[in-house]
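Colleague: mind folding the following:
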Amino acid sequence: MSQIVLLDTGILGMVTNPKANIQCEECKQWLNSLSSRNYLVALPEITDYELRRELIRAHKLRGIRQLDELKELIIYLPITTQVMLKAAELWAKARIEGYPTAHSEAIDGDVILAAQAVLIQLEGHSVTIATTNVNHLSHFVSAKTWEEI
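Modeller: Sure, this is the predicted structure:
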């Protein structure tokens, strides 16, 4: 059983920021330490999309290059039909139980990310999402700030 860390958008933004502050630098060091602690790190396509669209909008070419470089170094998890079917289940469950994670007409990136984590867990792996948004994601899967992992 592997220990896998999925990067959420906020964390991804910190580790690919070319104008990093102290917190970003510490987050990068944390990311680099994961392999020596026997974690696999994965970049879900939904978090790539959420960060990339903002970098494109803001014409942040260096950030896009950093993101592309990271994609080559870690596991990339594409969005599949199976992920979207699981996301639809999670989205409906969240609303039925009274904890929606986004506006009802929004494409909910958090449930897509959570769906990927759930499916990886079903394969027998231990999965934690490294996030700045623990509240939304922890309804579905293990979610922690990077400092807690």
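
Colleague: any stretches of the protein with poor pLDDT?
Modeller: 104-107 (pLDDT under 70).

Colleague: quick one, strands of it?
Modeller: 3-7, 39-44, 75-77, 126-130, 143-144 (DSSP state E).

Colleague: now tabulate those in TSV and tack on mean neighbour count and distance to residue 86.
Modeller: (C-beta placed from N, C-alpha, C; glycine too.) Putting the strands of the chain into TSV (neighbours: other CB atoms under 10 Å; distance: least, CB to CB, whole Å) gives the following:
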stretch	mean neighbour count	distance to residue 86
strand 3-7	23	14
strand 39-44	20	13
strand 75-77	16	13
strand 126-130	22	13
strand 143-144	20	16
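
Colleague: next, format these as JSON lines and append distance to residue 29.
Modeller: Formatted as JSON lines, those follow (distance: least, CB to CB, whole Å):
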{"stretch": "strand 3-7", "distance to residue 29": "14"}
{"stretch": "strand 39-44", "distance to residue 29": "13"}
{"stretch": "strand 75-77", "distance to residue 29": "20"}
{"stretch": "strand 126-130", "distance to residue 29": "14"}
{"stretch": "strand 143-144", "distance to residue 29": "17"}
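
Colleague: okay, now the closest residue to residue 114 other than its chain neighbours: neighbour count?
Modeller: Sequence neighbours aside, residue 140 is the residue nearest to residue 114 in space, at 3.7 Å (criterion: CB to CB, 6 or more residues apart in numbering). Using other CB atoms under 10 Å, residue 140 has 22 other residues around it.

Colleague: from residue 70, how far off is residue 140?
Modeller: Distance, residue 140 to residue 70, by CB to CB, to the nearest Å: 24 Å.

Colleague: same deal with residue 82?
Modeller: Counting by CB to CB, the gap from residue 82 to residue 70 is 25 Å.

Colleague: looking only at neighbour counts, state which of those two leads.
Modeller: residue 70 (18 against 11).

Colleague: helices or strands up against the longest helix seen in the chain?
Modeller: Longest helix of the chain, by residue count under DSSP state H: helix 81-96. Contact partners of helix 81-96 among helices and strands, from 3 or more CB pairs under 8 Å, 6 or more residues apart in numbering; DSSP states H and E: helix 109-122.

Colleague: other SSEs contacting the helix it packs on?
Modeller: Looks like helix 109-122 contacts strand 3-7, strand 39-44, helix 45-57, helix 81-96, strand 126-130, helix 134-137 (3+ CB pairs under 8 Å, 6+ apart).

Colleague: many thanks, have a good one.
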